[in-house]
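> I would like to see how this sequence folds:
(one chain, ligands or ions: 1)
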Amino acid sequence: MLNFTEISYDPSRIVGRYLADAQLNNLLPPLEQARQEVMEEVALWDSGAAVPADKQPLDAGFVDLPQRILDDYRQDRQGSELGRILQTAERLRDQVDTVVVTGIGGSYMGTRALFEACCHPYHNQLSRETRDRRPRLFFAGDNVDNDALAGLLDLLNEGSWDQPADRWAMVVISKSGGTLETAVAFRLLLEALANRGGGQPAELSHLIIPVTGPAGKLFELATALDCPDRFLIPEGVGGRFSIFTPVGLLPAAILGLDVVALLEGAVAMNERFRQAKPSDNPVLQYVAVCHWMEVEQGRDVRVLSTWGKSLEAVGLWYDQLLAESLGKEGRGALPLTVVNTRDLHSRGQQHQEGPRDKLITNLIVDQVRRDHLRISRSDLNQDALNELAGKSLPDIMRAAIQGTNLAYEEDQRPTADIHLPRADEPALGQLLQMLMLATVLEGRLIGINPYGQPGVEAYKRHMNEFLRR
Ligand code: PA5
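Okay, here's the model as predicted:
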């Protein structure tokens, strides 16, 4: 029995119009076969048996991980991995007021997505009391931008280390442990932390929480620093599929998010993916529509149209997921995140009248968190807003969504909707798992291995050559 509402996928403006019922029915057998293949891969991975060469790399470990983490936690609240994550988060919340998450790609984008979707939009600007001791969160290591890191160091060097409000710690995340951007930022931040107040090795080691694979340079650094709290990214979970490992769970716990609800959301989506009949299965339906629109209608730009500001980073996380997973062998749809209504004033023109190469999926939050702000009546009515007096911002948002969908529909521009009941942990758990499952499912459907990202190595090789010349 779920204690939260399910998210939904609604392709009703597409099915029957761009995709006939009969065509959808024809798509379902290959999709069911691909689902079967994905589930067999999960079982293979879970069994620990050798992975055949034609399946490598196989990072199917992400699928059942949320359930396993929850089971372990329910059996051992203190000693389980999630128990340790929660204890570390609590310790950090007592000792520091700022945490820098250092990582790139899959080692940071999921955390940013959760932070922006679930926390107060001005979290970092709120007082420590208003934040209920939840530390401010900053990101580093996601670039080699000199001035951005120098600016962060300015901020971290402010105030007096004696004051808890001025102390900071670092969660450094890298699965390989050798990513240059992360390594460089970590070295500079480590230096700053040692100079600052964490100068004593014992204190320093408590202020650094490494999250990494079971071997590699970061693992060795963590050992040399003797960090008492460190977490492992399990084998068989690729970077962009790692949000439900300590990669995402530790920062989420530090922010005071309900990580159990997040994991329960992911588990609920697994169940729907496995059990629900195709007509009721958000993962199968989503892939059917995206795939059909791409191969039969040439809509190979996938716009994730987020309505509201808090979901932009979810879109950026999905950009990486789709691009790195399916952008291979000269194929793969182009992901594009937009934030509306903001981008109706920038990209909207092109989406309405530009090339017919786009499928727009709206990401809609049904219920806002805060009391509705309403337009008041005013004696200063030069803006003519009195005729809308009483309307709330959610009323205006709803009208914008309906109006935009209608405008696109009138010009045969296809749109579908994903609805989140709220932007909260259960909904985000469901959504992120849905999109990860969909990406893997589509990969198997079209014969592309969704795991691994061999194309990312080329730039690294050349960058290193230039650096060492
Ligand atoms: O999806 C992936 O595996 C990549 O995007 C990685 O997350 C990214 O390259 C960072 O790698 P690492 O965590 O090894 O530093």
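> quick one, what contacts Gly443?
Residues in contact with Gly443 (Cβ atoms under 8 Å, 6 or more residues apart in numbering) are Ser325, Leu326, Asn449, Pro450. All C-beta spots, glycine's among them, are computed from the backbone N, C-alpha and C.
> Please report the distance of Tyr255 from Asp94.
Not Tyr; residue 255 is Leu. Computed as Cβ to Cβ, to the nearest Å, the Leu255 to Asp94 distance reads 15 Å.
> Between those two, which has more neighbouring residues?
Under the criterion of other Cβ atoms under 10 Å, the comparison of Leu255 against Asp94 puts Leu255 first, with 22 against 9.
> hang on, the more buried one packs against Arg112?
No. Applying Cβ atoms under 8 Å, one finds Leu255 not in contact with Arg112, separated by 11.3 Å.
> out of the contacts of Gly443, which is most surrounded?
Pro450 (26 neighbours).
> Please give me every residue in contact with that residue.
Contacts of Pro450 were listed using Cβ under 8 Å, 6+ apart, and they are Ser325, Leu326, Thr439, Val440, Glu442, Gly443, Arg444.
> make it 7 Å
Ser325, Leu326, Thr439, Val440, Gly443 (Cβ atoms under 7 Å, 6 or more residues apart in numbering).
> Can you tell me which of the residues you listed is closest to Asp10?
Comparing the contacts of Pro450 against Asp10 with Cβ to Cβ places Thr439 closest, at 19.8 Å.
> Next SSE downstream of the strand or helix carrying the closest one?
When elements are assigned from DSSP states H and E, Thr439 belongs to helix 425-446. Once the chain leaves helix 425-446, the next helix or strand it forms, by DSSP H and E, is helix 457-468.
> Pull out the buried positions in that following helix.
Buried residues in helix 457-468, defined by neighbour count with 16 or more other Cβ atoms under 10 Å: none.
> List of residues touching it?
Contacts of helix 457-468 (Cβ under 7 Å, 6+ apart): none.
> helices and strands around the helix or strand containing Asp72, which ones?
Assigned by DSSP H and E, Asp72 falls within helix 65-75. Packing contacts for helix 65-75, counted by 3 or more Cβ pairs under 7 Å, 6 or more residues apart in numbering; DSSP states H and E, involve helix 81-95, helix 259-275.
> tell me the most buried of these?
helix 259-275 (a mean of 21; mean count of other Cβ atoms under 10 Å).
> Would you tell me which residues of the stretch 1-150 of the chain are close to the ligand?
With the criterion set to Cβ under 6 Å from any ligand atom, the stretch 1-150 of the chain comes near the ligand through Ile104, Gly105, Gly106, Ser107.
> which of the residues you listed has the most neighbours?
For these, the largest neighbour count, defined by other Cβ under 10 Å, is 28 neighbours, found at Ser107.
> For it, which residues are in contact?
Contacts of Ser107 (Cβ under 7 Å, 6+ apart): Ile173, Ser174, Lys175, Thr182, Gly239, Val247.
> Also near the ligand: which of those residues, exactly?
Contacts with the ligand within the contacts of Ser107, counted by Cβ under 6 Å from any ligand atom: Ser174, Lys175, Thr182, Gly239.
> Give me the neighbour count for the second one.
Applying the criterion other Cβ under 10 Å, we find 26 residues in the vicinity of Lys175.
> Just the pLDDT for the nearest residue to Asn340 once chain neighbours are set aside.
Excluding its sequence neighbours, the residue lying closest to Asn340 (Cβ to Cβ, 6 or more residues apart in numbering) is Trp307, at 5.3 Å. Confidence at Trp307, expressed as pLDDT, is 98.
> which residues sit in contact with Trp307?
Asn340, Asn362, Leu363, Ile364, Met397, Ile401.
> Tell me, how many residues neighbour the first one?
Looking back up the chat, that one is Asn340. Asn340 has 22 nearby residues by other Cβ under 10 Å.
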